[in-house]
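*Asks:* Sequence and computational prediction follow.
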Amino acid sequence: METKVGSVDGVARPMCSVMGGLPWAACHTVAPGGGGACSPDSTLGRYIARRLVQVGVGDVFAVPGDFNLTLLDHLIAEPALRVIGCCNEINAGYAADGYARCRGVGACVVTFTVGGLSVLNAIAGAYSESLPLICIVGGPNSNDYGTNRILHHTIGLPDFSQEIRCFQTVTCFQAVVNNLEDAQQLLDTAISTALKESKPVYISVSCNLSGIPHPTFSGDPVPFFLSPKLSNQMNLEAAVEAAVEFLNKAAKPVMIGGPKLRVAKAGSAFVELADACGYAIAVMPSAKGLVPENHPRFVGTYWGGVSAAGCAEIVESADAYLFVGPIFNDHSSVGYSLLLKKEKAIVVQPNRVVLADGPAFGCVLMEDFLRALAKRVTSNTMAHDNYRRTLAPPGEVLESQPDEPLKVNVLFKHIQNMLSSHTAVIAETGVSWFNCQKLKLPEGCGYEFQMQYGSIGWSVGATLGYAQAANDKRIIACIGDGGFQMTAQDVSTMLRCEQRSIIFLINNGGEIHDGRYNGIKNWNYTALIDAIHNREGKCWTTKVQSEKELKEAIEIATNEKNDCLCFIDVVVHKDDDTNKELLDWSSRVCAANSRLPNPQ
C-alpha cells in the first residue's frame with residue numbers, strides 16, 4: 001500500500017506541481033555528470049543529507065532508534081553535515097529551535113512514534129515562534145503499511161497514522177516517504193514549504209529505503225531555489241498612500257517592532273524607516289533582539305504596565321502608533337490591559353497592512369511597505385523629544401556589603417557588563433524574561449527567548465543549538481533552577497561539542513511562589529555538572545552567594561576559562577526574584593485567567 005500525504009496548515013491538499021520555485025521536472029533533473037545512471041551512492045539518505053546542507057543546515061540534532069539508524073549512517077557520511085546525538089528527543093527539538101533562530105533553518109532526526117511524540121512539544125514551540133524546522137522521523141518498513149501488523153514503539157494499533165495526525169496541527173506540511181519513486185518530490189516539497197512558510201515540517205522516511213540506490217538521486221541535487229514573494233503593486237501603493245496621510249497628520253506618532261519582523265525578514269527595512277521617520281522607537285517584549293537598541297531614538301520595551309521606564313507613557317499617549325509585526329496575546333498584552341486605541345493604530349503584518357479601523361491591504365509584503373513608506377513619510381521627532389524631556393535616569397544598583405546575600409538585580413548588573421557584539425543571551429521561560437528584558441543589548445548582541453509558547457526547560461536545548469550555530473558568539477544563558485531540572489542532561493552534549501557557553505543557574509531553592517505544588521527538590525548543581533563532565537572535555541563550575549564571589553567568577557569565566565563551558569550556580573533568596581514587574585504582570589494575567597464565565 002502506498003501512502004502519500006501533503007498538507008498545508010493541517011489541511012490535506014493535492015501535491016503541488018512547483019517546489020522551491022522550480023518546475024517539478026527541474027527539481028528532478030540530474031546535475032551534469034549524473035547521466036541518470038544509478039550509482040551506489042545515489043541513495044535517499046545521501047540525497048537528504050545533501051539537501052539539508054544545501055539549505056543551510058550544518059548540524060542535525062538526533063536521538064538514534066532502530067527505525068532511523070540507516071538514515072543516520074548516511075547523514076554522518078556527508079562531510080559537510082554533523083550529526084549531534086542528544087540525550088532525549090525534546091532537547092533535540094529545542095536544539096533545532098535554537099539553531100534555526102541563528103541560521104534560519106534547523107533540523108532534528110528521531111525514531112517512529114516513541115521518538116516523534118517525545119519531540120512533539122519542541123516542534124509545537126517552533127511552530128508558535130514561526131521557525132523553519134525540518135523534523136525527520138525514521139518510519140516503519142515500507143512493506144508494513146497496510147498489512148494489519150502491530151509494530152513496537154507504537155501504541156499497539158496496526159494503523160500507523162497516530163504520529164502524523166499529532167503533527168498535523170504543529171507543522172505546515174507532512175510527508176510520508178515509503179516509496180522511492182516519489183520520495184524526491186515529497187522531500188523537496190516539504191523542505192521548500194518549511195522555508196516559504198517559516199514553520200516546521202514533518203518527514204517520515206521508511207527505515208528500509210535510506211540505503212537503496214535509485215535513479216532519481218543520481219548526481220548532485222539541482223541548486224535549491226525559492227521563488228521570491230512579490231507585493232501586489234497597486235495594493236502596496238494604496239497602503240503607503242493611506243499610511244502617509246494617516247501618519248503625517250499625527251502630532252506625536254511612535255513605531256513599535258514586533259516578533260513577526262523575524263519571519264518577514266524585515267529588520268533592515270524597519271531600521272530604514274526608523275531613520276527616516278524620526279519617531280520614538282520601541283519593541284514588544286517578544287521581539288527583543290530584533291530591533292537595534294543602540295538606535296538614537298530607541299525608548300525601550302513596550303509591555304503595558306511593566307514597560308521600560310517612560311516607554312509606556314510615550315506609546316500610549318501617542319496619537320498614532322505603527323505596530324510592525326505584532327502578536328497581541330495575554331502575555332504580551334499583560335492580561336489584555338494595554339491602553340491602546342484601535343483607531344490610532346496601523347498594524348503591519350508580513351503580508352498585510354491594516355489601517356486603524358480599516359481599510360486593509362492584502363498581498364503587501366512588510367519589507368516592501370516599510371521601505372516605500374520611508375521614502376514618503378515626514379520626519380516627526382515630537383514623541384522622542386517628549387521622552388527625553390521627561391525621562392528620569394535609572395537608579396544605580398548599589399554595591400553589596402561583603403557578607404550580604406546576593407540579589408538578582410546585582411547579578412544582572414554584572415551580566416549587563418558582559419554583553420558585546422560577540423555574545424548572545426538565552427533567557428529561560430519565566431522569571432528570566434523580566435530580568436533579561438532590562439538588559440541593554442549592544443549592537444550585534446544576540447537575544448532569544450520563547451515567549452509565545454513559554455515551554456519551561458526550553459533554554460537548555462536552545463543554548464546547545466544556538467551555540468552550535470553561532471561560532472562567533474559566546475552564549476550567556478540565564479536559567480532558573482526549575483527549568484534546568486527539566487532538561488539538564490544535554491549539558492553533556494554541550495561538553496561533547498566543546499561549546500564554551502556561560503550558564504548562570506539562578507538558584508532560589510526551588511521556590512516559585514507560595515503553594516506546595518511549586519516546590520522542587522534543591523540539587524547540588526555544581527556537583528551534578530562535575531559528574532556530567534567526568535573529566536572529559538573542558539568545563540568549569542562554581543557556586544556564588546555574594547557579589548564578591550560573583551565578580552570573581554565572571555572574571556574567571558570571561559578570561560581564564562574563555563575556552564570552556566562555564567557553569568555558575570547563583571544562590572539567591574527564594575523571594576528575591578519576585579520583582580515589581582513580575583508582580584504587576586502576574587497579577588494582571590491572573591485577573592484575565594480568573595474571569596468568571598460569561599452569563600448564558
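*Replies:* Thanks, I have the structure now.

*Asks:* the strands in the stretch 151-300 of the chain, which residues?
*Replies:* 174-177, 201-206, 254-257, 280-283, 298-301 (DSSP state E, counting those that start in this stretch).

*Asks:* Would you list the phi and psi of T542?
*Replies:* The phi/psi pair for T542 (degrees, to the nearest 10) reads phi -160, psi 160.

*Asks:* try the one 4 residues further on
*Replies:* Comment: the main-chain dihedrals of S546 come out as phi -140, psi 160, following degrees, to the nearest 10.

*Asks:* that older thread, K342 is nearest to which of the strands of the stretch 151-300 of the chain?
*Replies:* Of all these, strand 254-257 sits nearest to K342, with 14.4 Å by C-beta to C-beta. Yep, even glycine has a C-beta here, placed from its N, CA and C like the rest.

*Asks:* From one end of stretch 443-457 to the other, what's the distance?
*Replies:* 28 Å (C-alpha to C-alpha, to the nearest Å).

*Asks:* Save the strands of the stretch 151-300 of the chain as CSV, and put in distance to N386 and mean neighbour count too.
*Replies:* As requested, the strands of the stretch 151-300 of the chain are arranged in CSV below (distance: least, C-beta to C-beta, whole Å; neighbours: other C-beta atoms under 10 Å):
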stretch, distance to N386, mean neighbour count
strand 174-177, 51, 26
strand 201-206, 47, 27
strand 254-257, 10, 28
strand 280-283, 8, 30
strand 298-301, 10, 24
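
*Asks:* The ones you listed into CSV, with extra columns for distance to N417?
*Replies:* Below are those laid out as CSV (distance: least, C-beta to C-beta, whole Å):
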stretch, distance to N417
strand 174-177, 47
strand 201-206, 41
strand 254-257, 26
strand 280-283, 22
strand 298-301, 19
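
*Asks:* Pipe those strands into TSV and attach distance to F160 and mean pLDDT per row.
*Replies:* Shown next, in TSV, are the strands of the stretch 151-300 of the chain (distance: least, C-beta to C-beta, whole Å; pLDDT from 0 to 100):
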stretch	distance to F160	mean pLDDT
strand 174-177	9	97
strand 201-206	9	97
strand 254-257	44	98
strand 280-283	45	98
strand 298-301	47	96
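
*Asks:* closest to P215 out of these?
*Replies:* Closest of the strands of the stretch 151-300 of the chain to P215 is strand 174-177, at 16.3 Å (criterion: C-beta to C-beta).

*Asks:* Return the list of strands paired to the closest one, each annotated with direction.
*Replies:* strand 201-206 (parallel) (DSSP bridges).

*Asks:* Contacts for the strand it pairs with next, please.
*Replies:* Identification of contacts with strand 201-206 by C-beta atoms under 8 Å, 6 or more residues apart in numbering yields 44, 48, 68, 71, 112, 123, 133-142, 163-164, 167, 171-178, 183, 186-187, 190-191, 193-194.

*Asks:* Just the buried ones from those residues, in PyMOL syntax?
*Replies:* In PyMOL, a selection of the buried entries from the contacts of strand 201-206 looks like this (16 or more other C-beta atoms under 10 Å):
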select buried, resi 44+48+68+71+112+123+133+134+135+136+137+138+139+140+142+163+164+167+171+172+173+174+175+176+177+178+183+186+187+190+191+193+194
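
*Asks:* From the contacts of strand 201-206, which land in helices?
*Replies:* Using DSSP state H, the members of those that fall in helices are 44, 48, 71, 123, 163-164, 167, 183, 186-187, 190-191, 193-194.

*Asks:* which one of these is nearest G537?
*Replies:* For the ones in helices among the contacts of strand 201-206, the nearest to G537 is L71 (27.7 Å; C-beta to C-beta).

*Asks:* Pull the contacting residues for the nearest residue to the closest one once chain neighbours are set aside.
*Replies:* Counting by C-beta to C-beta, 6 or more residues apart in numbering, S210 is the residue found nearest to L71 once chain neighbours are left out, at 4.2 Å. Going by C-beta under 8 Å, 6+ apart, S210 touches T43, L44, G45, I48, T70, L71, D73, H74.

*Asks:* Check the secondary structure at the last one for me.
*Replies:* I take that to be H74. helix (DSSP: H, G, I helix; E, B strand; the rest coil).

*Asks:* State the number of residues packed around it.
*Replies:* 21 (other C-beta atoms under 10 Å).

*Asks:* so what's it up against?
*Replies:* Shown in contact with H74 (C-beta under 8 Å, 6+ apart): T43, L44, G45, R46, I48, A49, S210, G211.

*Asks:* How about S420?
*Replies:* The neighbours of S420, taking C-beta under 8 Å, 6+ apart as the test, are P442, G444, C445.

*Asks:* Which helix or which strand is home to it?
*Replies:* For S420, there is no host helix or strand (DSSP states H and E).

*Asks:* Distance check, it against K440.
*Replies:* Using C-beta to C-beta, to the nearest Å, S420 is found at 12 Å from K440.

*Asks:* Next: L322.
*Replies:* From L322 over to K440 (counting by C-beta to C-beta), the distance is 23 Å.

*Asks:* Mind checking which of the two has more residues around it?
*Replies:* L322 (25 against 13).

*Asks:* tell me the SS of that one?
*Replies:* strand.

*Asks:* what's the neighbour count on S337?
*Replies:* 16.

*Asks:* re the thing from before, any chance of the backbone angles for the residue nearest to L71?
*Replies:* phi -60, psi -30.

*Asks:* Could you do L505 as well?
*Replies:* Per-residue torsions, L505: phi -90, psi 110 (degrees, to the nearest 10).

*Asks:* Can you tell me the closest non-neighbouring residue to V334?
*Replies:* The spatially closest residue to V334, leaving aside those adjacent along the chain, is G304, at 3.8 Å (C-beta to C-beta, 6+ apart).

*Asks:* want to throw the contacts of S210 into JSON lines with pLDDT and distance to V334?
*Replies:* What follows is these, written out as JSON lines (pLDDT from 0 to 100; distance: C-beta to C-beta, whole Å):
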{"residue": "T43", "pLDDT": "96", "distance to V334": "53"}
{"residue": "L44", "pLDDT": "96", "distance to V334": "50"}
{"residue": "G45", "pLDDT": "97", "distance to V334": "49"}
{"residue": "I48", "pLDDT": "97", "distance to V334": "44"}
{"residue": "T70", "pLDDT": "96", "distance to V334": "51"}
{"residue": "L71", "pLDDT": "97", "distance to V334": "46"}
{"residue": "D73", "pLDDT": "97", "distance to V334": "51"}
{"residue": "H74", "pLDDT": "97", "distance to V334": "49"}
